[in-house]
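Asks: give me a 3D structure for the following:
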Amino acid sequence: MRTLVNEYQRALQDLPGFDLVPLEWMHILVQEAGFTDEIDESLVGPMVEAVRARIAGTGPLSLAFHRAVVLPESLSLPAEPQSSLHELRDSVRSALGEVLGAVPAEPEESDRHVNLAHSTSEGPAIFAVATLGATVVEPTTVRVPSLSLVRLSRDHSTSEWEVVTEVPFGG
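Replies: The predicted model follows:
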């Protein structure tokens, strides 16, 4: 995955209007429960345990990445198969619903992906499309052994998170 991301980001580094996402911040958003000022701290443990119970029978995910795409606010690598991520999201949503009483709204993205760069300005996407299309990359497959549950905060000018725990698939 690192090689694939590096190849794309090397090609994008001089493209105006985009901020590259550092490798350590790359992720796939599965489901939000809410910001720290919206969720009572006493619910974090029960949410973790509910998610752990829901994904206990799920094996590690195998996700493939290849061609980057232009989305309204980012340049991204879609993960395949999407069905694996939709099933995972459904399990997490059910677990959160058990604890919170209501299922939180779904993330805006319907496709699950890893962002390579975020758009910082409005404008035509033609240069981004051309740059991504001209970048020669090899597809890669990633084994995902666990789900990271994070505490999302907005203490600074941007959203930040810290890992609360890793919940391994299959137990």
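Asks: what's the helix or strand for Glu49?
Replies: Per DSSP states H and E: Glu49 is located in helix 44-55.
Asks: actually Val114, not the one I wrote
Replies: Per DSSP H and E: strand 113-119 holds Val114.
Asks: who's in contact with that strand?
Replies: Residues from elsewhere that reach strand 113-119, judged by C-beta atoms under 8 Å, 6 or more residues apart in numbering: 5, 8-9, 12, 15, 17-21, 26-28, 65, 68-69, 71-79. For every residue, glycine as well, the C-beta is placed using N, CA and C.
Asks: three-state assignment of the residue nearest to Glu138 when sequence neighbours are not counted?
Replies: With sequence-adjacent residues excluded and distances taken as C-beta to C-beta, 6 or more residues apart in numbering, Glu138 is closest to Leu4, at 7.1 Å. What DSSP: H, G, I helix; E, B strand; the rest coil gives for Leu4 is helix.
Asks: mind listing what Leu4 touches?
Replies: Per C-beta under 8 Å, 6+ apart, neighbours of Leu4: Phe65, His66, Leu77, Val137, Glu138, Pro139, Thr140.
Asks: out of those, which end up buried?
Replies: Buried by 16 or more other C-beta atoms under 10 Å: Phe65, Leu77, Val137, out of the contacts of Leu4.
Asks: the last one against Gln9, yeah?
Replies: No. Using C-beta atoms under 8 Å, Val137 is not in contact with Gln9, being 11.0 Å away.
Asks: looks like Met26 contacts Arg2 (just checking).
Replies: No. Assessed by C-beta under 8 Å, Met26 is found out of contact with Arg2, at 9.8 Å.
Asks: picking up where we left off before, could you list the residues in contact with the following helix or strand past the helix holding Glu49?
Replies: Of the helices and strands lying after helix 44-55 in sequence (DSSP H and E), the nearest is strand 61-65. Strand 61-65 is contacted from outside by 1, 4, 28, 77-81, 84-85, 88, 114, 139-144, 169, using C-beta under 8 Å, 6+ apart.
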